[in-house]
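> Sequence and computational prediction follow.
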Amino acid sequence: MQSLTIKIWQRSEVAVLAACLLFGAVLLALPLSWKRTLGRSVVATIFAPLEKPLAQLRSLAASRRENRELRERLARQELEHAAMRRAAEENAQLREMLSLGKRWQYEMETAEIAARQPGTFVSELTIDRGREKNLAPGMVVISTMGLVGRLAQVDDGWSVVQTVFHPSFRASAIDVRSRVLGITRYRPDLGLILDRVPLHSDIRPGDTLVSSGYGGTIPYGLMLGVVEEVSPDQIHLCMDITVRPSLDIDRLFQVFVITGGKPPPLPSLAPEVPDTSVPKPKKAVPVIYRPSLTIRPAQPPDELGGGSP
């Protein structure tokens, strides 16, 4: 039985070989145009259905690779755009700080924010300047937005700034319009407030508050904020005043530390009123023309007979 199977298999191999030889001889004998037509028909019938899924797989792989490259390029461009936007903001702040340093007669040291806590009302900041720049605790820190705070701790290469949002920070403030004095401080439940303002004081929402300079530690003219809400407290005989601070920690990158210089003169406590000592020029009175009401005398009659008898 086994020998019979081997014989049949050998005969089938011979038959297949003979058929292939015969098919090859027929192909060789055919004209060239028939060979091309036959080749196209075989490719379109057998290989085209197999090639389509393979082409789709290759296209899908290429699309995924291209999508990954585009995502990486977009991420790099977003990082570059963010870096350029931050550089533009820092450049604008440096220009403002340069103009601020030229406008005020202070000796100032520039520093950058090295570390900070997350949040809007941050109580402490860390800057990248310390004893090597002759900084000392108590020095005032400012920015283009106004007062930032004071140095609370100084070490080699770094310092800690106690901001205006620290619960123990106080600053003497003055209303630019009415010259009303008060003390700014931060309360976690209310935010920045203006304290110790007597009842019925002339202070309104929208008034600008700056440092008064009367405490002796913080110079005059540093921006603190704008009065947001005013309500009288009849029990304590004072005004409850909330302030919108001018300092925005999220936009703060560089600061100035005042190390010396000549402070500006202290402001007058009298409100700004127009000067009435100079007499006003009198208005010219316009001349009104009135016609004369004089009655003329009667004329004598004409001697040549023109008059009445």
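Done, it's in. Numbering: from 1, shown residues only.
> what is residue 153 paired to in the beta sheet?
Counting by DSSP bridges, residue 153 is bridged to residue 160.
> Surely it touches residue 139?
No - between residue 153 and residue 139 there is no contact under CB atoms under 8 Å: 11.6 Å. Placement of C-beta: from N, CA and C, glycine included.
> So if I had to pick from the two, which one is more boxed in?
residue 139 (19 against 13; other CB atoms under 10 Å).
> list the contacts for the closest residue to the more buried one other than its chain neighbours?
Using CB to CB, 6 or more residues apart in numbering and skipping residues adjacent in sequence, the residue nearest residue 139 is residue 151, 4.7 Å away. Residue 151 sits next to 135, 136, 137, 138, 139, 141, 159, 160, 161, 162, 257 when contact means CB atoms under 8 Å, 6 or more residues apart in numbering.
> Next, count neighbours for the first one.
Number of residues near residue 135 (other CB under 10 Å) recorded here: 21.
> what's the answer for the fourth one, then?
By the other CB under 10 Å criterion, the neighbourhood of residue 138 contains 11 residues.
> was I right about it contacting residue 217?
Yes - if you go by CB under 8 Å, residue 138 and residue 217 touch, sitting 6.9 Å apart.
> Quick check: neighbours shared by the two?
Here residue 138 and residue 217 have residue 150 as joint contacts, going by CB under 8 Å, 6+ apart.
> Tell me the buried residues within the contacts of residue 151.
Buried members of the contacts of residue 151, counted by 16 or more other CB atoms under 10 Å: 135, 139, 141, 159, 160, 161, 162, 257.
> Of these, which is the nearest to residue 225?
residue 141 (16.5 Å; CB to CB).
> residues touching that closest one, list them.
Counting by CB under 8 Å, 6+ apart, residue 141 touches 127, 147, 148, 149, 150, 151, 161, 255, 256, 257, 258.
> Let me see the confidence value for the residue nearest the centre of the chain.
Nearest residue to the geometric centre of the chain (CA atoms, centre = their mean): residue 251, 6.6 Å. pLDDT for residue 251: 85.
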